[in-house]
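Trainee: how would this look folded up:
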Amino acid sequence: MASMRNILALNDPDPKEMTIVEHLEELRRRLIICIATVTGGSAVGWFFKDWLFGVLDAPLRQYHISLIVTKVTDFFVINLLLSVAIGIALVLPVLLYQTWMFIAPAVDLKARRYTVPFVLVGIVLFAIGAVIGYLIFPRVVGFLVGQGSDLVGVKLLPTLPDYIKQFALVIIIFGLVFELPVVLTFLSMLGVVSSHFLRSKRRYAWMLGLIVAMIITPGADPFTPFITWAVVNLLYEVSILSVRLLHR
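Mentor: Numbers count the residues shown, from 1 in each chain. Here you go, the predicted structure:
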């Protein structure tokens, strides 16, 4: 157990003793590791890009809509973006670990033992959010396509880059929203927030969550945004519980 704590601490220098140059050198080292791992993961992802495109294109197929390209470079750019997306997903544990190790010196040694849970929980929550975003996106497409159903003689021809960007944005937003417990728990480690503070701001958090839910989940029915809002509220309550358990 003692050796594990030493590994998680990584003998990082006291941040109070590090100069600005040393902080920048540490950041550069972490970024190089992240870029190298993403590059390697993207190389592997190149062989699975067609599969990922089939997954992303599924919501459009049910509406019999075909994607078009307007530039000769679009095919290569989209293939590259799909490969990078797969690469990031493959090396996400490394990215989260490097992020945590860079900011770990800002917290005490006791808090650093949560490195492994931080990485694992972050991955699981982001994956859950991404899956929910993927399941909700067809509703977004249906709502947007339905807006032109009364326009006679108008045919929808979405471009491939725009569609991929919109789809990726929805998935990323949901993935990041589900990181709320991890972010608030880490802020509590830094002394920025407390469980009392989060409870006192619950009303404002609910209002903000409703606004966000309405923005990211437009749909033909009124239920999807409120379901999303309920999920965001649940994540906020989980955050409060996590902060209380950590600092009880």
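Trainee: now do the buried residues in stretch 30-40.
Mentor: Using 16 or more other Cβ atoms under 10 Å as the test for burial, stretch 30-40 gives 30, 33-34, 37-38. Heads up, the C-betas are built off the backbone N, CA and C, glycines and all.
Trainee: care to break this protein down by domain?
Mentor: 2-159, 179-248 (automatic domain parsing).
Trainee: out of these, which is closest to residue 172?
Mentor: Closest to residue 172 of the domains of the chain is domain 2-159 (Cβ to Cβ; 7.8 Å).
Trainee: pLDDT averaged over the closest one - what is it?
Mentor: The average pLDDT for domain 2-159 rounds to 79.
Trainee: quick one: distance of that domain to the chain centre.
Mentor: Here domain 2-159 is found 6 Å from its chain centre; the criterion is Cα atoms, centre = their mean, to the nearest Å.
Trainee: helices of this structure, start to end?
Mentor: 2-9, 20-45, 49-61, 74-90, 92-103, 109-112, 115-146, 160-177, 180-189, 195-200, 202-216, 223-246 (DSSP state H).
Trainee: closest one to residue 154 among the ones you listed?
Mentor: helix 115-146 (11.4 Å).
Trainee: counting neighbours, what do you get for the residue nearest to residue 38 when sequence neighbours are not counted?
Mentor: Nearest non-adjacent residue to residue 38, counting by Cβ to Cβ, 6 or more residues apart in numbering: residue 87, 5.3 Å away. For residue 87, the neighbour count with other Cβ atoms under 10 Å is 21.
Trainee: which residues are in contact with residue 87?
Mentor: Taking Cβ atoms under 8 Å, 6 or more residues apart in numbering as the criterion, residue 87 is in contact with 38-45.
Trainee: repeat that with 6 Å
Mentor: Residues in contact with residue 87 (Cβ atoms under 6 Å, 6 or more residues apart in numbering) are 38, 41-42, 45.
Trainee: do residue 205 as well
Mentor: Counted by Cβ under 6 Å, 6+ apart, residue 205 has contacts residue 236.
Trainee: mind checking how far it is from residue 133?
Mentor: 21 Å (Cβ to Cβ, to the nearest Å).
Trainee: over to residue 93?
Mentor: 20 Å.
Trainee: settle it for me: which of the two has more neighbours?
Mentor: Taking other Cβ under 10 Å, residue 93 and residue 133 do not tie; residue 133 has more neighbours (25 against 13).
Trainee: what is the neighbour count of the closest residue to the more buried one other than its chain neighbours?
Mentor: In space, and not counting its chain neighbours, residue 133 is closest to residue 174: 3.2 Å by Cβ to Cβ, 6+ apart. Residue 174: 24 surrounding residues under other Cβ under 10 Å.
Trainee: in this structure residue 174 contacts residue 128, no?
Mentor: No. Between residue 174 and residue 128 there is no contact under Cβ atoms under 6 Å: 8.7 Å.
Trainee: ok so, going back, mind checking which of the contacts of residue 87 are buried?
Mentor: Among these, those classed as buried by neighbour count (16+ other Cβ under 10 Å) are 38, 41-42, 45.
Trainee: can you lay out those residues as JSON lines showing distance to residue 191?
Mentor: What follows is the buried ones among the contacts of residue 87, written out as JSON lines (distance: Cβ to Cβ, whole Å):
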{"residue": "38", "distance to residue 191": "32"}
{"residue": "41", "distance to residue 191": "35"}
{"residue": "42", "distance to residue 191": "38"}
{"residue": "45", "distance to residue 191": "39"}
